[in-house]
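Asks: pasting the structure only:
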């Protein structure tokens, strides 16, 4: 019971932090009480955004293919075994944070912009992008909600012309990462807490809001809004959506869901990809 209470408190803290860090783009003739919230990995884009970012770093020679394969294998194990044990996630998170200390925020943002244009833009699902645009056209704000680091999430949101992004927040002092998180990973219940906190801040009516995700891990978020939709859903989410008469949209064609899903669930992707990126930056700075 104590562990469950601690996990709930961690989720609330991560949610509050993510909402506080959110910066909205201005809108014309906005609908002030409605918004749409989109998961990123396998919902807005094929695969894990942080993994594609890590691949972009590898292509620049900032770390080795062996490093990348090691982290990708770790991600796959989470997916295959369905293992999201909090202790395992916490251990991987602490390892990633130990490496990221000393990296410059501006470098991550700059490389994120470059790598999105090169390797992520063509992975956006046109169908999901159209759904997001329909909300924008209706004057509603559209937020990404992801375990991916908030800096990369903001790059994706900006490139897509969306309102903003809620993501995992790492502590930075004078533009340099300290190696600590502010709150916790924005994953599972923490996403719901972030949206709830943002709704309080922005005056949103959650019964008028929409949410989109591919994963049963996001059931707390999907259950929070009045209009949940399963996008490219995993088996558990598909079953839940059918039982609760939620809308289901699948934009995958000619491929099995398991292939599209690699490399993995958002939480493991954020952790493993974060380690890969951190190794790259540490090596980069040591060489300078």
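Replies: Cool, got the structure. Since the structure is predicted, the reported quantities are computational estimates derived from the model, not experimental observations. Numbering: from 1, shown residues only.

Asks: C-alpha from now on. contacts and neighbour counts both.
Replies: Fine.

Asks: ok, how many other residues are close to residue 128?
Replies: The number of residues packed near residue 128 is 21, by other CA atoms under 10 Å.

Asks: Quick check on it: phi, psi?
Replies: Main-chain torsions, residue 128, degrees, to the nearest 10: phi -70, psi -40.

Asks: give me every residue that touches the residue nearest to residue 217 when sequence neighbours are not counted.
Replies: Using CA to CA, 6 or more residues apart in numbering and skipping residues adjacent in sequence, the residue nearest residue 217 is residue 188, 5.2 Å away. Taking CA atoms under 8 Å, 6 or more residues apart in numbering, we find residue 188 in contact with 217-221.

Asks: Find me the pLDDT at residue 85, would you?
Replies: pLDDT, residue 85: 53.

Asks: Would you check which pair of the contacts of residue 188 lies furthest apart?
Replies: Across these, no pair lies farther apart than 217 and 221, at 8.8 Å, counting by CA to CA.

Asks: out of these two, which sits in the busier spot?
Replies: residue 221 (28 against 20).

Asks: what's the burial count for the nearest residue to that one once chain neighbours are set aside?
Replies: Excluding the flanking residues, the one nearest residue 221 by CA to CA, 6+ apart is residue 192, at 4.3 Å. By other CA under 10 Å, the residues close to residue 192 number 24.

Asks: go on, residue 162?
Replies: Neighbour count for residue 162, taken as other CA under 10 Å: 23.

Asks: shouldn't it be in contact with residue 142?
Replies: Yes: between residue 162 and residue 142 there is a contact under CA atoms under 8 Å: 5.6 Å.

Asks: Need the residues touching each of these two.
Replies: 132, 136.

Asks: For this structure, which segments are assigned as helices?
Replies: In the chain, the helices defined using DSSP state H lie at 2-21, 49-59, 65-81, 86-100, 105-115, 126-137, 150-160, 189-202, 219-222, 235-243, 257-261, 266-287.

Asks: among these, which gets the worst mean confidence?
Replies: Across the helices of the chain, the lowest-scoring stretch is helix 257-261, with a mean of 38.

Asks: how near is residue 37 to residue 229?
Replies: As judged by CA to CA, to the nearest Å, residue 37 and residue 229 stand 10 Å apart.

Asks: same for the lengthiest strand in the chain, what does it pack against?
Replies: Longest strand of the chain, by residue count under DSSP state E: strand 141-149. In terms of contacts (3 or more CA pairs under 8 Å, 6 or more residues apart in numbering; DSSP states H and E), strand 141-149 is packed against strand 35-38, helix 126-137, helix 150-160, strand 164-168, helix 266-287.

Asks: go again using 7 Å as the cut-off
Replies: Where contact means 3 or more CA pairs under 7 Å, 6 or more residues apart in numbering; DSSP states H and E, strand 141-149 is packed against strand 35-38, helix 126-137, strand 164-168, helix 266-287.

Asks: neighbouring strands for that strand, and are they parallel or not?
Replies: Strand pairing for strand 141-149, determined by DSSP bridges: strand 35-38 (parallel), strand 164-168 (parallel).

Asks: so the longest one versus helix 189-202, what angle?
Replies: The one in question is strand 164-168. 140 degrees (axes from the mean of the first three to the mean of the last three CA atoms, to 10 degrees).

Asks: which other residues reach strand 164-168?
Replies: 18-19, 22-25, 142-150, 153-154, 157, 184-186 (CA atoms under 7 Å, 6 or more residues apart in numbering).

Asks: ditto for stretch 139-153
Replies: Contacts for stretch 139-153 (CA under 7 Å, 6+ apart): 29-31, 34-40, 50, 109, 112, 132, 135-136, 157, 162-169, 185-187, 191, 266-267, 270.

Asks: What subset of those is buried?
Replies: 34-40, 50, 109, 112, 132, 135-136, 157, 162-169, 185-187, 191, 266-267, 270 (16 or more other CA atoms under 10 Å).

Asks: what touches both of residue 37 and residue 229?
Replies: With CA under 7 Å, 6+ apart as the test, residue 37 and residue 229 both reach 211-212.

Asks: Can you give me every residue that contacts residue 134?
Replies: Contacts of residue 134 (CA under 7 Å, 6+ apart): none.

Asks: Quickly note the distance from residue 218 to residue 154.
Replies: Shown here: residue 218 relative to residue 154, a distance of 20 Å by CA to CA.

Asks: make that residue 173, sorry
Replies: As judged by CA to CA, residue 173 and residue 154 stand 19 Å apart.
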